[in-house]
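1. sequence and computational prediction follow.
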Amino acid sequence: MAIQWFPGHMHLTRKAIGERITEIDVVIEMLDARLPGSSANPMLAELIQGKPALKVLSKQDLADPARTALWLAHYNAMPGVRAIGLDTSMTSPAKALIEACQQLAPNRGGMAKPMRVLICGIPNVGKSTLINTLKGKRATKTGDEAGVTKIEQRITLADDFYLYDTPGVLWPRIIVEQSGFNLAASGAIGVNAFDEEVVALELLNYIIPLYPEALQARYKIVDVASHTDEQMLEAIGRHRGAVQSGGRINLTKTAHLVIHDFRTAALGRLTLETPQEFAQWLAEGKKADAERAVRKEAIEKNKPKKKTRQ
């Protein structure tokens, strides 16, 4: 199952970023620390090519700290890139962001050459929450729903530091299948674009071998590793009382519970990918996408030509 979600306002955001980028000194890309690779927008990478980039791993308090360290090292090894982790417990995120941007663009600063920074990322990655923290008030609307911010905003963090906020934007087509599942599980994709039961099964399939203790602690299920994803979903439904008449498990309700427990970290601090895993998924996705393009071209070539009237 391929998950896709690209509302109309995202086309406008893509255009706005393309127009704004020429004036920008540093680009901050917010990433979800639980799925950094999947939450990095390849379309954005094309738009900001050549600009210094600060990768901010948000929600690190919800993610596996060992895996967050792997991702920070991965990004910090890239030229022209800095990476830091942020979460709601940080007392001075503005200072951390300003210092990181100054390291990336040391020749900017002061009233004559103010730092101009664009902050962007996928929907529901935590941009609005961060900006409200930076401003010390509700500067932007927030919500646990993909696609809340709809227009660009300029925020002044210091006299010589301007931050341009943009709406969350995905890309027109997700070529990495696992990324689609991970984005749906995290809340980055509108709920009407995916089947919760399928996403919950994929989520369980990934975390059963990696985080069995988390599942056992939350749902009181023993010998977690011996369960398939389907068996685990049924066992969770039974434990949580999602039982219908005749003893059948309400799998839809159970799937919703599992996804909610992941999003709120009720399952603990989990991360759904490593840099190496994502690199492999991306290579496979690009290969499949290239093969799809070849098939599409062949179909177009073999289409009978329309006869023109004489």
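-> Everything's here; your move.
2. helices of this protein, start to end?
-> Remark: helices assigned in the chain by DSSP state H are 8-20, 42-47, 65-76, 93-104, 127-135, 177-186, 196-210, 212-219, 229-239, 251-263, 275-302.
3. tally of neighbours for K303?
-> Per other CB atoms under 10 Å, the neighbour tally for K303 reads 8. C-betas here are computed from N, CA, C, even on glycine.
4. local confidence estimate at it?
-> On pLDDT, K303 comes in at 77.
5. nearest spatial neighbour of the residue most central in space within the chain, chain-adjacent residues omitted?
-> In the chain, the residue lying closest to the centroid (CA atoms, centre = their mean) is S39, at 2.8 Å. Once flanking residues are discounted, S39 sits nearest to D32: 4.2 Å by CB to CB, 6 or more residues apart in numbering.
6. list the contacts of T22.
-> T22 makes contact with no residue, according to CB atoms under 8 Å, 6 or more residues apart in numbering.
7. how close does it get to Y164?
-> 12 Å (CB to CB, to the nearest Å).
8. just I236 next, same as before
-> 43 Å.
9. ok, F194 next?
-> Separation of F194 from Y164 (CB to CB) stands at 31 Å.
10. about what we covered before: I236 and Y164: which has the busier surroundings?
-> Counted by other CB under 10 Å, I236 and Y164 do not tie: I236 has more neighbours, with 25 against 21.
11. thought the more buried one was touching I259?
-> No - applying CB atoms under 8 Å as the test, I236 and I259 come out as separate, 11.4 Å apart.
12. shared neighbours, those two?
-> Counting by CB under 8 Å, 6+ apart, nothing touches both I236 and I259.
13. for E213, grab the count of nearby residues.
-> 10.
14. pLDDT on stretch 92-106, on average?
-> Mean predicted lDDT for stretch 92-106 stands at 89.
15. show me what the residue nearest to S39 is bridged to.
-> Counting by DSSP bridges, D32 is bridged to S58.
16. any idea how far L270 is from it?
-> 12 Å.
17. and for G85?
-> 16 Å.
18. was I right to think Y206 contacts L272?
-> Yes - with contact defined as CB under 8 Å, Y206 counts as touching L272 (6.0 Å).
19. and the two? which has more neighbours close in?
-> Legend: neighbour count by other CB under 10 Å for Y206 and L272, higher for L272 (28 against 19).
20. contacting residues around the more buried one?
-> So L272 contacts R34, L35, S38, N182, A185, L203, Y206, I207 (CB under 8 Å, 6+ apart).
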